[in-house]
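What shape does this take:
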Amino acid sequence: MKNNLLSEKLIYTGDSLTPTHLHLCTYSTTEMQESSGNTFQSIKGTLDNTHINWLQTQKLSGKIAVISK
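Just a heads-up that it's a prediction; the model follows:
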């Protein structure tokens with residue numbers, strides 16, 4: 001059995017039944033805040049331009065745009 005986790009390229013393994021899940025971690029040198037949800041609208045209130053914002057995504061579905069500044 002081949003371990004796809006060690007591959008250097010994306011491998012399509014078929015449709016997934018896992019729903020979209022987003023996890024946002026906002027942090028600075030003194031504090032950290034976490035939020036999670038199924039849509040960006042549900043977590044966008046946690047974004048903070050004075051902190052580092054790290055967004056982890058799992059199983060994106062539907063049409064979505066990811067924009068980086």
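
what's the weakest-modelled helix or strand in the chain?
Every helix and strand of the chain was ranked by mean pLDDT, DSSP states H and E. The lowest is strand 52-58, at a mean of 89.

helices or strands up against it?
Applying 3 or more CB pairs under 8 Å, 6 or more residues apart in numbering; DSSP states H and E, one finds that strand 52-58 contacts strand 21-27. Where C-beta positions appear, they are placed from N, C-alpha and C, glycine not excepted.

Give me the mean pLDDT for the strand it packs on.
The average of the pLDDT scores along strand 21-27 is 92.

Neighbouring strands - and their directions - for it?
Its sheet considered, strand 21-27 pairs with strand 32-37 (antiparallel), strand 52-58 (antiparallel) by DSSP bridges.

any idea how far Glu34 is from Trp54?
10 Å (CB to CB, to the nearest Å).

what do these two both touch?
24-26 (CB atoms under 8 Å, 6 or more residues apart in numbering).

Of the residues you listed - the most surrounded one?
In terms of neighbour count, Leu24 stands highest of the shared contacts of Glu34 and Trp54 at 22 neighbours, by other CB atoms under 10 Å.

I'd say it and His51 touch.
No - with contact defined as CB atoms under 8 Å, Leu24 does not count as touching His51 (10.7 Å).

dump the residue contacts of Gln42.
Rather than Gln, residue 42 is Ser. Residues near Ser42 by CB under 8 Å, 6+ apart: 22, 35.

which residue packs closest to Leu55, ignoring adjacent ones?
Leaving aside its chain neighbours, Leu55 sits nearest to Leu24 (5.3 Å; criterion: CB to CB, 6 or more residues apart in numbering).

List the contacts of the one you found.
Contacts of Leu24 by CB under 8 Å, 6+ apart are 34-36, 43, 46-47, 53-56.

Report the secondary structure state of Gln41.
Three-state call for Gln41 (DSSP: H, G, I helix; E, B strand; the rest coil): helix.

Could you give the bridge partners of Cys25?
Glu34, Trp54.

Can you verify my assumption that it contacts Trp54?
Yes - between Cys25 and Trp54 there is a contact under CB under 8 Å: 4.6 Å.
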